[in-house]
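**Student:** could you look at this predicted model? Sequence included:
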Amino acid sequence: MDKLDNTYDIPLHDIKPLIEVQEYSLYYFIAIITVATIILLGILYLLYRYLRDRKKYNERKEHFTILEALDFEQTKQAAYDLTHYGATFKDDTPRHLKHYELMVEKLEPYKYKKSVEPFDGETLRQIDVYKGMLDV
């Protein structure tokens with residue numbers, strides 16, 4: 001045992017002492033994980049909002065689609081539908097309200113009768129002007 005203790009006392013001339021190495025890789029790893037987590041959570045949040053809003057009912061969009069698909073061959077029903085669904089957009093601006101009222105005024109002769117004639121040119125022009133103003 002005494003002989004073994006003596007071997008540690010031998011000076012080492014070729015080996016340098018331990019030096020401290022500056023190691024930041026753990027901090028880099030934590031920073032990368034944090035940034036990746038934030039980006040992933042952001043993407044998940046945007047995906048959640050997209051899926052939530054996709055199924056949400058949009059009354060304006062629905063009424064706009066109905067107005068665009070109106071059949072002017074059935075004059076009486078079209079007059080009622082234009083009055084009903086067009087009211088959704090009348091409060092957007094004072095200009096919308098003015099044109100809506102003009103359109104409803106033009107549509108009055110096509111309502112409340114058993115049989116009506118097709119729309120005249122002036123009424124069709126007023127309907128086109130109002131439909132052209134709509135923005136969803």
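**Tutor:** Yep, that arrived. Residues are numbered from 1 along each chain as shown.
**Student:** quick one: low-confidence residue ranges for this structure.
**Tutor:** In the predicted model of the chain, residues 1-8 satisfy pLDDT under 70.
**Student:** all helices of it, in order?
**Tutor:** 2-7, 25-54, 59-68, 75-86, 94-107, 121-133 (DSSP state H).
**Student:** hey, which of those helices is tucked in deepest?
**Tutor:** Counting by mean count of other C-beta atoms under 10 Å, helix 75-86 has the highest mean neighbour count of the helices of the chain, with a mean of 19. Every residue, glycine included, has its C-beta placed from N, CA and C.
**Student:** who are the packing partners of it?
**Tutor:** helix 59-68, helix 94-107, helix 121-133 (3 or more C-beta pairs under 8 Å, 6 or more residues apart in numbering; DSSP states H and E).
**Student:** so which elements touch the last one?
**Tutor:** What that stands for is helix 121-133. So helix 121-133, by 3+ C-beta pairs under 8 Å, 6+ apart, packs with helix 75-86, helix 94-107.
**Student:** show me the contacts for the closest residue to residue 102 other than its chain neighbours.
**Tutor:** Counting by C-beta to C-beta, 6 or more residues apart in numbering, the nearest residue to residue 102 once its immediate chain neighbours are dropped is residue 126, at 5.8 Å. Residues in contact with residue 126 (C-beta atoms under 8 Å, 6 or more residues apart in numbering) are 99, 102-103, 106.
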